[in-house]
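>>> Turn this into a structure:
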Amino acid sequence: MSTMITGGHPSYHSRIPQFVLFSGKEINTAILGEHPEKFLASLYRKTHGYYSYKHSYLAIENGNTVAGCIFVLDYAIIRKEYFSEVLNHLSHPVLLLRQLKAMRDAEQIIKSVEKDDCYITHLAVLPEFRSMRIGEALLNRAVESCRETNRRKLLLDVESENSGAIRFYQRCGFSELMARKINIAGMVFSLTRMGKMIE
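Residues are numbered from 1 along each chain as shown. As a prediction, the model looks like this:
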């Protein structure tokens, strides 16, 4: 099998929601609501916002199967895209006030990114393609993206009880930086911030 890492493209919009949900179903459902698939597919086609195809890289297996996906935002994108993200969520036809609050709550996670940082919002590989180093290849592309924008550190948050994910990131050179609890629309999530210096 041959894997190619490529930039995102709007034509993959229908395949993206599964990766966002695979990257943390409970926390992403708390932020986006139940069954956000159509909404996420719509956001992915947009040129602005955190879920835009422009901020993703895909692992394409055997020429046409999307096996994995990663979203990478640098500090400038986070600051620039914040209002687009708010407007995107406000345009959601069935968005409830609870989801607006959840989105505001979730901002405390990403707003802690500093000027020299890049941040991974989502990384997921389909179960049938795991143990093929696809996650590592996507992380390597994220590191390249950091270098291209002259950032010095790559950050992400992982749910603290997900020991398998923490071990994976440690094998890829990430260190645990801090643990914290985040309240999203009344649900409390324990997150571990991890980081890797970019040489």
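>>> Poorly predicted segments of the chain, please.
Along the chain, the model assigns pLDDT under 70 to residues 1, 81-100.
>>> can you give me the strands for it?
Assigned by DSSP state E, the chain shows strands spanning 3-7, 56-61, 65-74, 117-125, 153-159, 175-184, 187-197.
>>> could these be laid out in a markdown table, adding mean neighbour count and distance to residue 137?
Heads up, the C-betas are built off the backbone N, CA and C, glycines and all. What follows is those, written out as a markdown table (neighbours: other Cβ atoms under 10 Å; distance: least, Cβ to Cβ, whole Å):
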| stretch | mean neighbour count | distance to residue 137 |
| --- | --- | --- |
| strand 3-7 | 14 | 5 |
| strand 56-61 | 21 | 6 |
| strand 65-74 | 23 | 8 |
| strand 117-125 | 23 | 10 |
| strand 153-159 | 21 | 15 |
| strand 175-184 | 13 | 21 |
| strand 187-197 | 17 | 15 |
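>>> Now tabulate these in JSON lines and tack on distance to residue 22.
Output for the strands of the chain, formatted as JSON lines (distance: least, Cβ to Cβ, whole Å):
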{"stretch": "strand 3-7", "distance to residue 22": "17"}
{"stretch": "strand 56-61", "distance to residue 22": "13"}
{"stretch": "strand 65-74", "distance to residue 22": "9"}
{"stretch": "strand 117-125", "distance to residue 22": "4"}
{"stretch": "strand 153-159", "distance to residue 22": "13"}
{"stretch": "strand 175-184", "distance to residue 22": "18"}
{"stretch": "strand 187-197", "distance to residue 22": "17"}
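>>> For the closest residue to residue 169 other than its chain neighbours, give its distance to residue 170.
Excluding its sequence neighbours, the residue lying closest to residue 169 (Cβ to Cβ, 6 or more residues apart in numbering) is residue 194, at 5.2 Å. Note on residue 194: its distance to residue 170, by Cβ to Cβ, to the nearest Å, is 8 Å.
>>> what touches both of these two?
By Cβ atoms under 8 Å, 6 or more residues apart in numbering, residue 194 and residue 170 have these common neighbours: residue 176.
>>> what sits against the residue nearest to residue 169?
Contacts for residue 194 (Cβ under 8 Å, 6+ apart) come out as 155, 156, 157, 158, 166, 169, 170, 174, 175, 176, 177.
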